[in-house]
Structures are given as structure tokens and as C-alpha cells.
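Novice: Mind folding the following:
(chains A and B, ligands or ions: 2)
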Amino acid sequence: MTRTMDTQPQKIAAAKKMRDIMTTYYLDALSAAQNNRQVAWITSGGPVEPLVAMDIIPVYPENHGAMIGSAKMGEDLCGKAENLGYSADLCAYARADIGCAVAGGGPIGGLPKPDMLICCNNICGTVLKWYEIQARHYNVPLFILDTPVCHTRYYPETARYVKAQIREYIQFLETVTGRKMDMDRMTQVGRLSLEAQKLWQQVLKTTACRPAPMTAFDAFFFLALIVTLRGTRTAVDFYRELLSEMEDRIARGIAMVPDEQYRLLWDNLPVWHRLKWLSDRFAGHKACLVADTYTSAWCGAIQYIDPDHFLDSIAQAYTRIYLNVGIDQMADQVLEMIRFYDVDGVVMHSNRSCKPYSFGQMDIMARIREKTGIPVLMLEADMVDPRSFSEAQAETRIDAFMEMIRYRRPKKPQPGDLPAGLPAGGKT
Amino acid sequence: MKELTAFYQAADNPGALGRRITRRKILGTLCSYAPEELIHAAGYHPMRLFPSGSDNHLTRNHLQAYCCSLARGVLADSLDGTLDFLYGTVFVHTCDTMQRLSDIWRLQGRYRFFADVILPVRFDTRSAQNYLMSVLERFKADLEADTGTPVTPEALAASIRVYNRIRTSLSGIQTLNTRYPGIVKNTDMAALVKGAMIMDRETAAGLLEKLARQLASAVTALQTSGTVINKRIFLSGSACDMTGLHDLFQQIGAVVAGDDLCTGRRWFDTLTREDQAPMTAVARRYMHRSTCPAKHRGLFSRAELLIEQVRQSQADGVVFVLLKFCDPHAFDYPYLKAHLDGAGIRSLLLELDGTRDITGQTATRLETFLHML
Ligand code: SF4
Ligand code: SF4
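Specialist: Ligands and ions are numbered 1, 2, ... in the order given. Below you'll find the model as predicted:
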């Protein structure tokens, strides 16, 4: 049985620009050595602004991991790490990166070699081990920014400790580069970073409109800039443009999912190797993934940033991010998103790679059910490694989940619809 | 050695013991980094929690299948009431799994007392040390708020002495076993360490001292008896309660000459100094004791220490015993193995799923490895 989309959704024009910016960024990074510039590898949740202020090129192995996943090279590169003795149960970003560092390969022929490594453990403990491995492999200095988890509170001693480390971080950069930090430039970069985060937040919030002008799948794509280039003018200009395109789409009623009937929230990292597949599946059900907990993490701590005391304030902003708090606080944020985006259901990606994101999901799921009664789907997968994903199984579960959503809130009848109760197929 | 019985009883059935203890409220701990001396000084009975092995369906509503058996196992025991004798629990921040288990546990709210001791991730900087000190002070205040009585420096100093007696005796027994392999059976040694983490600490300290003395005097007899020296192995890895494995070693004639397990040497190595202010001394021990892979103290510190300990124990080879889904250890394994290879020390990796029974395949691999040594 076939249920094709009525019309092809109108593409987002800014996507091309974004690709160009990312290409330039990677070319710059890859030719850093020729241009006498230094490269720092940094974790996705780490404070990049001091690097930008010191003209060091930040490179994100996790963003590279996402590219590896999207290019469907995850299995091969993870396998290379497994051949080196790394367990297949470890985070696939780490495995793919280690595999790539040792054996080469990958969608852009590997990352430029780092001159230093900046590891902030606000996202997980995995990054500590991963960066230790790379520090041994490349024999370069490693800076660890320890952001103690805030299970229930952000304690004064945590604040003191992280602030002290931000100062150590600046000293580390000054030692490695042999240059002094220009504090005026730092303030400027801080302002640009905050501005970009605010714009990113506004972009994400546009999907509260019905129909949503973009989906979480688009957000996964547009995320790359806020991760890699926050603190630069480029990021600010780009997101301003993207925002105005979204506003224009809203004004003209352009939907990303044609005939959007159901709105869903995504939790956890994307399944990079199945983005299109998943997007088609849900669109086939006229369901739009309007928001997600992942991309919003890059604007979730705005309230703590003080542009006039940027360095001191980022101690709190980088410590109190989404993953570095207790699951009850995470559940509260999810519930808030459910209300704000007015969603009909939640799709939770139980991601074998990411234990801090996935453990606790079931308790969050129970809270969502208890507080809102909306259906929650738990999808077993891995963000990069396709070996723990079964399309057939996912398909059945998505269909059953959408059936439940339809049962709870039947859509308005549309001409040409299938009779209710029939399983809705994707494009066959 | 009748002293052993108490340790076996505690190790084999912590629940029965827990239900009998009434003098002190019991606080369960899950990690060798738990500040036990403080817990003890505040008047509680610290008890290390080990999964009873009855993983049940109750955990399926909380933890996915790709979670280590340690976290699943203790949660199972909590959910089915096995741990109802606890007054509370103390979580220490180590790995991602523990971080989330702590959240899940706290939200269950099954016990009166709950605390997170959020340690720094590194133990090699001044700022981390200052932070650690504040964390311990906060934890002490939490305990005091619960009991309504301050933990005096004298009380803490007394608890430090008890713990140091346990540490000294266990290290002494292990050293004897290195020199005269087999003087203590593997299973006995394992029971001594595990039992000491569970039973009343003063009792444990007294019995261990007695045992250490007895063993030291037995040495002369043993020296002349011409006992065949078996293969010596060194165990490296995670938190392990591997009764089955120790039985197996015993059967195939291998002596566990040393270990760096979280449920072994890492718990009892390094004394807390008695000539410093007690709180400072407790904090200092964290900075100096051997590190768990979830913590950082230099890029090569674990490999260097492992090689040193293997040499000291005169082991013929190393057996890595890692729990499946234990990330920190799995990340360190390739580098540790490479360093052992470089030092000419052979090693074997066993990945265990946490069940106490050892499969035939594991047994065969182990036997083959021993023959190769
Ligand atoms: S996916 Fe999860 S475990 Fe892997 S690096 Fe990211 S936060 Fe850490
Ligand atoms: S350190 Fe390893 S064994 Fe211990 S709780 Fe964490 S994952 Fe489990």
C-alpha cells in the first residue's frame, strides 16, 4: 500500500550556504599547519570561545563522528578500533575517531593533527578516556576541564573549582601558543558566542508554529555551525539568515512535512546513518519531529552567560548543561519542551553508544507518561554504528507507535485518506 | 583458621549480616572511592554493595541491556527489597553508569539517607585537591545533619586507625602470599577482602591482625615443606566478585599473586596518614592512592603502576578481568596491554558478564594461557 507525500517539501535555501561554510572551515583546518596556525581538538560541550579568541582552530572529533555516521563509514572505522583491542560496546564516536587516527580514512581523509587537546567532561566520562588515548597517540598536551555533575545543585565549591580551571585553561593556551590572551578580543568573542546561541534558540523555537517550517532532522544538520563556529561573526550572520528564512516560511505557511498532522519530540543523539530513512518514515505518517533535546543543548545554558563577565560566567554555563544534571531536571526540561512545542508523542533513541544520555531515559519516559499521558517510543539504535540497528524492527515499532498516536488524537479527515485502522505504510 | 569463618559469612551473605547489625545504621557504598572513614567516624556502618546475582525483571524499567552487571545487579537488589536493611546509600561520582544509577536510585527514594559525593575527575592539580577537600567537608556536614552530632577530629582519627589496621593487615597477607605463593588460598584471600568491606570494621581489623600474625609464623614451616610453586598471576580490572573465577584458579593451580581490582587492592592500598589533620589526611589519600580508570592522574600512571605491581608480585602473567559494558576499563585495556607487551609481560583478557559461574570456554582459555606462561 502506498501513501506518498502530496508534494515534495520546499528545501531550506540556507543549507547550501551552510555546506559552503563547513567546507571552508574544514579546508582551513586541514591546511592549518601550512598557514602556521594551531589546531585544538575539543569536545562538543567544551568552551571553544577562548580558542577562537586566540586564533586557534577548533576541531570537533564528535562532529567528525557525525560525518562518519552520515557517510555510513561507521562500521568500517569502528571495526578498525575494535581490531586495536577497543570493545565494540564503547561509544562509536570514540571508536570511529580512534580507528581513523590510527588507520586513516573517513569522509574527509581524517582530521588535521591536533597541537593540543581540550577535554571537558560535561557531556560524559567517555571523552576523558578518549582524549587520554589521543594525547598518547599524538603526544600533544591535554587540558582537562572538570565540570562536576550537578545531580541536584550547582554548589559553591563547584563554582569555585570550575572558575579556577577556566583560568588554568587560559594559562594552558598561553603556554602552548606562546602568546598572551587578548582580553578585549575574548569579550568580543564571548558576545558573538552568546548572540549566536540566542539566534540558534530562536531558530529552534520557530518549529512551535504549525506547520513547522523545519524538522529536528534539519536542526541536526544546521547544528554543526553552533558547535564548531560559535564565537565567530560567520555563525551569527548565518543563523540570522536562517532565522529570517524560517520566519518567511512561517509567514507563507510552508511546511517541512507536507500536511503535518502529528508533532513529535526526539530525545538523544540522531541516528546519523539513518537520518533520511527515519525522516521519510515519520513524514510518511504525516508526523513531524518538531524538536529534540540534543540540538537545544547548545542554547540551553544561555541564562547563565554574562557577556560582561564572560569567562567567569561560562563556568556555570558549561557545568549546568543538559547532560550534566540529574535525570529529574532533564525530565523537567523534556516536559517543558512537550508543552512548548505541543507534541503528540516522544521518540527516545536508546543509544548504545551514549550511556549518560540513555541510562535514565526509562525513568524520564515514565515521568512523561505519568505527567502527560502521551505515547513514548523507545527506539534501539546507535548514532554511528549501524550494526545495532534493525530497519525491520524499527519500522514495526514506529508504525505501532504512530497507530497509538492516531488512536489518541485522530487527525482531521482529509480527502484521499486511507480508512482508519489500516496500517500506514511508507513509500513502497 | 577459624578467623576466616566470619569473613566467609559476611562475603557469602551480606544481607543476613546486614539484618543482624543494629548497633550502627548501615550506609551502602558502591565504590572504593567512598569516604568510608568519614562514614564510620560519623557512627554508621559502611557496607560495600555487591550484586547478589539475582538480576531480575525489575531493572528492565530503569536500565537498558547495555548496562554493566554491577549497576544492574545492585539496582535489582534494591528494587526487590534485598537491601531493605540499609539506612541509606552513598554514591561517589566515577563513571557515566554510576552517575545515572545514582539519579535512578535517588528518585526511587527507598532509604532514609542519600548522598552523592561528587569527586573531581582528576587527582593531580591543586584546584582539584581544594575542590576535593570541600566535597569531603560537605559530605561530613550531610552526615552530621543526619545524626545531629559533629564528627570530631578525634573520632575521625580513630576511624582512620581502624582502617589503617585493615589495610596494613591485608597488604601484609598479600605480601606474604607473594613471597610464599599459596600460603593463603585464592578463595580465602578474596573472602578476606570482600568480608572486610562488609563486616564490622573493628572486628575485621582485629581478626585480620590475628590472621596476619598466624600466617607469618606459619611461613617457617612452609619454607621447609618444599611446596610446589604454581603459576602466579596478577588480576587487573574492574569491580569483581568472582567466586567462580577464584575457584577455577584454585583448581588449575594458579596463585593470584596480586591485583589492582576495585574490589581488591585498590580498596586497601595506601594508608591514610595519621600525622596530619584527619580531614586533610583523608583527602590526601585520594590524591595518592592508585587511580581507577574513571579518574585521571597522568597519561601513563596506570600502566607504570601496573607494571611495577606485576613485578613486585612476581607474577608470570596478567589476567584482565573486565565487566562487559564497563567503559573506563575497556578504554584503558589496549594501552595497558601494549605497555605490558613492551615490558615482556604476557596477558589475557577475560570479559565477564557478572555471573559468578565461569563458562567452560573461559576456563579453557585460562588454562591455555597458564600453559603458555
Ligand atoms: S555520544 Fe555520549 S558517550 Fe559518546 S562522546 Fe558523546 S556524550 Fe560522550
Ligand atoms: S566502573 Fe565499570 S563496573 Fe563500575 S559501575 Fe562503572 S561501568 Fe560498571
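
Novice: can you tell if the helix or strand where B:Asp103 lies touches chain A?
Specialist: Assigned by DSSP states H and E, B:Asp103 belongs to helix B:96-108. Yes: applying C-beta under 8 Å from any C-beta of the partner chain, one finds helix B:96-108 touching chain A at B:Asp96, B:Thr97, B:Gln99, B:Arg100, B:Leu101, B:Ser102, B:Asp103, B:Ile104, B:Arg106, B:Leu107. (Glycine included, C-beta is placed from N, CA and C.)

Novice: any idea of the pLDDT on the fourth one?
Specialist: What that stands for is B:Arg100. Looking at B:Arg100, its pLDDT reads 98.

Novice: what's the burial count for the spatially closest residue to it that is not a sequence neighbour?
Specialist: Nearest non-adjacent residue to B:Arg100, counting by C-beta to C-beta, 6 or more residues apart in numbering or on different chains: A:Phe359, 3.7 Å away. Neighbour count for A:Phe359, taken as other C-beta atoms under 10 Å in any protein chain shown: 25.

Novice: residues in contact with whatever residue of chain B ends up closest to ligand 1?
Specialist: Here the residue of chain B nearest ligand 1 is B:Asp96; by C-beta to the nearest ligand atom that distance is 6.8 Å. Listed by C-beta atoms under 8 Å, 6 or more residues apart in numbering or on different chains, the contact set of B:Asp96 reads A:Cys124, A:Gly125, A:Thr126, A:Lys355, A:Pro356, A:Phe359, B:Asp327.

Novice: list the contacts for the last one?
Specialist: Contacts for B:Asp327 were tallied using C-beta under 8 Å, 6+ apart; they are A:Asp89, A:Leu90, A:Cys91, A:Gly125, A:Thr126, A:Lys129, A:Lys355, B:Cys95, B:Asp96, B:Thr97.

Novice: I figured the first one was touching A:Arg352, is that so?
Specialist: Yes: the criterion here is C-beta atoms under 8 Å, and A:Asp89 meets it with A:Arg352 at 7.4 Å.

Novice: Helix or strand next in line after the helix holding B:Asp103, which one?
Specialist: Following helix B:96-108 in sequence order, the next helix or strand is strand B:113-117 (DSSP H and E).

Novice: circling back to that earlier point, need the per-residue pLDDT for the residue nearest to B:Arg100.
Specialist: pLDDT recorded at A:Phe359 is 98.

Novice: With the one 4 residues further on instead?
Specialist: Predicted confidence (pLDDT) for A:Asp363: 98.

Novice: next one: A:Met5
Specialist: If you check A:Met5, the pLDDT there is 45.

Novice: Kindly report the same for the one 4 residues further on.
Specialist: As summarised for this prediction, A:Pro9 has a pLDDT of 84.

Novice: what do you get for B:Gly15?
Specialist: For B:Gly15, the model assigns a pLDDT of 93.

Novice: Let me see the contact set for A:Leu27.
Specialist: Counting by C-beta under 8 Å, 6+ apart, A:Leu27 has no contacts.

Novice: same thing with A:Leu229?
Specialist: A:Leu229 neighbours (C-beta under 8 Å, 6+ apart): A:Ile21, A:Tyr25, A:Ala196, A:Ala235.

Novice: Show me the contact partners of stretch B:118-125.
Specialist: Contacts for stretch B:118-125 (C-beta under 8 Å, 6+ apart): A:121, A:125, A:128, A:144, A:146, A:148-149, A:151, A:158, A:161, A:168, B:33, B:92-94, B:128-129, B:131-132, B:135, B:286-287, B:291, B:294-298.

Novice: among these, which are in helices?
Specialist: Among the contacts of stretch B:118-125, the ones falling in helices (DSSP state H) are A:Leu128, A:Thr158, A:Tyr161, A:Glu168, B:Ala128, B:Gln129, B:Tyr131, B:Leu132, B:Val135, B:Tyr286, B:Met287.

Novice: ok, those residues vs ligand 2, which is closest?
Specialist: Of the ones in helices among the contacts of stretch B:118-125, the one sitting nearest to ligand 2 (C-beta to the nearest ligand atom) turns out to be A:Leu128, at 12.6 Å.

Novice: what residues does the stretch 1-150 of chain A put near ligand 1?
Specialist: Within reach of ligand 1 by C-beta under 6 Å from any ligand atom, the stretch 1-150 of chain A has these residues: A:Glu62, A:Cys91, A:Tyr93, A:Ile123, A:Cys124, A:Thr126, A:Val127.

Novice: What pLDDT is listed against A:Ile123?
Specialist: The model's pLDDT for A:Ile123 equals 97.

Novice: Surely it is in a helix?
Specialist: No: counting by DSSP: H, G, I helix; E, B strand; the rest coil, A:Ile123 is not part of a helix but coil.

Novice: A:Val346 is in contact with A:Ile405, correct?
Specialist: No: contact criterion C-beta under 8 Å: A:Ile405 and A:Val346 do not qualify, at 10.4 Å.

Novice: Who has more neighbours out of the two?
Specialist: Remark: of A:Ile405 and A:Val346, A:Val346 carries more neighbours, 25 against 22, as counted by other C-beta under 10 Å.

Novice: Can you report phi and psi for the more buried one?
Specialist: phi -120, psi 130 (degrees, to the nearest 10).

Novice: Check B:Arg122 too.
Specialist: phi -130, psi 150.

Novice: And the strands in the chain, which stretches?
Specialist: Going with chain A. For chain A, the strands defined by DSSP state E cover A:39-42, A:57-59, A:116-120, A:142-145, A:262-267, A:287-292, A:345-351, A:376-381.

Novice: nope, chain B
Specialist: Assigned by DSSP E, the strands in chain B fall at B:26-29, B:45-48, B:88-92, B:113-117, B:231-237, B:254-259, B:317-323, B:346-352.

Novice: now the ones you listed as CSV including mean pLDDT and distance to ligand 1?
Specialist: Shown next, in CSV, are the strands of chain B (pLDDT from 0 to 100; distance: least, C-beta to the nearest ligand atom, whole Å):
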stretch, mean pLDDT, distance to ligand 1
strand B:26-29, 98, 25
strand B:45-48, 98, 27
strand B:88-92, 98, 20
strand B:113-117, 98, 20
strand B:231-237, 92, 21
strand B:254-259, 89, 28
strand B:317-323, 94, 17
strand B:346-352, 93, 19
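
Novice: now these in JSON lines, with mean neighbour count and distance to ligand 2?
Specialist: Formatted as JSON lines, the strands of chain B follow (neighbours: other C-beta atoms under 10 Å in any protein chain shown; distance: least, C-beta to the nearest ligand atom, whole Å):
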{"stretch": "strand B:26-29", "mean neighbour count": "24", "distance to ligand 2": "12"}
{"stretch": "strand B:45-48", "mean neighbour count": "23", "distance to ligand 2": "12"}
{"stretch": "strand B:88-92", "mean neighbour count": "23", "distance to ligand 2": "10"}
{"stretch": "strand B:113-117", "mean neighbour count": "21", "distance to ligand 2": "14"}
{"stretch": "strand B:231-237", "mean neighbour count": "26", "distance to ligand 2": "9"}
{"stretch": "strand B:254-259", "mean neighbour count": "26", "distance to ligand 2": "15"}
{"stretch": "strand B:317-323", "mean neighbour count": "22", "distance to ligand 2": "5"}
{"stretch": "strand B:346-352", "mean neighbour count": "19", "distance to ligand 2": "10"}
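
Novice: No further queries at this time; thank you.
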